[in-house]
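[1] Following is a predicted model, sequence given first.
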Amino acid sequence: MVCLGNICRSPLAHGIMEHIVKEKGLDWEVDSAGTGDWHIGEPPDKRSIAIAKSYGLDISKQCCRLFRQSDFQDFDRIYVMDRANLRDILALAETEADRQKVKLLLDTEVVPDPYYDSSQFDPVYKMIEQGCRRIVEQELNNQA
Ligand code: 4NP
């Protein structure tokens, strides 16, 4: 799960996807990272921690990191929140196989950045949850 700062959106996507994966008994590894380096080593934004907590998820132990080249080898899917993330991650892709791994979390829509608008954390949480549930359903259908 990738966004710009790795403190607002992608930590939510990381926590929500981990929760769904556990709920469904899957053995998928989930992680998150940012394309920007301002918050490396920090926990998620307090507002993301709070909105997750209000839905029963604890994301407070997550630690911000930068997206790295090896993520293309380490993960089968790379979900980005918006088109700037998409452009930045595709710019790091070295092969067609790398490029194929990168998708918008919401497929055709973007998850807006709530960093400068605290009222957006709740709608953003809901959008991310819907996106994660859709992805899991699709992956399970593809496996069936
Ligand atoms: P995120 O939000 O990409 O959802 O984590 C942001 C967090 C921090 C900044 C920008 C976006 N920033 O400029 O520090």
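    Arrived safely.

[2] dump the residue contacts of whatever residue of the chain ends up closest to the ligand.
    Nearest residue of the chain to the ligand (CB to the nearest ligand atom) works out as residue 5 at 2.6 Å. Every residue, glycine included, has its C-beta placed from N, CA and C. The contact partners of residue 5, by CB atoms under 8 Å, 6 or more residues apart in numbering, come to 34, 36, 38-39, 45, 64, 115.

[3] Out of the residues you listed, who's the most crowded?
    Counting neighbours by other CB atoms under 10 Å, residue 34 comes out on top of the contacts of residue 5 with 25 neighbours.

[4] So that one sits against residue 63, correct?
    No - in this structure residue 34 lies outside contact range of residue 63 using CB atoms under 8 Å: 11.3 Å.

[5] Tell me the pLDDT of residue 24.
    Residue 24 carries a pLDDT value of 97.

[6] I meant to write residue 143 there.
    87.

[7] Can you get me a residue count around it?
    Count around residue 143 with other CB under 10 Å applied: 7.

[8] For it, give me phi and psi.
    phi -80, psi -30 (degrees, to the nearest 10).

[9] So which of the contacts of residue 5 are in helices?
    For the contacts of residue 5, not one is inside helices, with DSSP state H as the criterion.

[10] which of these lies closest to residue 19?
    residue 45 (18.6 Å; CB to CB).

[11] nearest residue to that closest one other than its sequence neighbours?
    In this structure, residue 45 finds its nearest non-sequential neighbour in residue 7, 4.4 Å apart by CB to CB, 6 or more residues apart in numbering.

[12] got it, and residue 59?
    Residue 59 sits nearest to residue 15 (CB to CB, 6+ apart), 3.9 Å away.

[13] Report whether stretch 40-58 contacts the ligand.
    No - residues of stretch 40-58 contacting the ligand under CB under 6 Å from any ligand atom: none, with a closest distance of 6.6 Å.

[14] coming back round to it: show me what the helix or strand where the residue nearest to residue 59 lies is packed against.
    Residue 15 belongs to helix 9-23 when assigned by DSSP states H and E. Packed against helix 9-23 by the contact rule (3 or more CB pairs under 8 Å, 6 or more residues apart in numbering; DSSP states H and E) you find strand 2-3, helix 46-54, helix 121-143.
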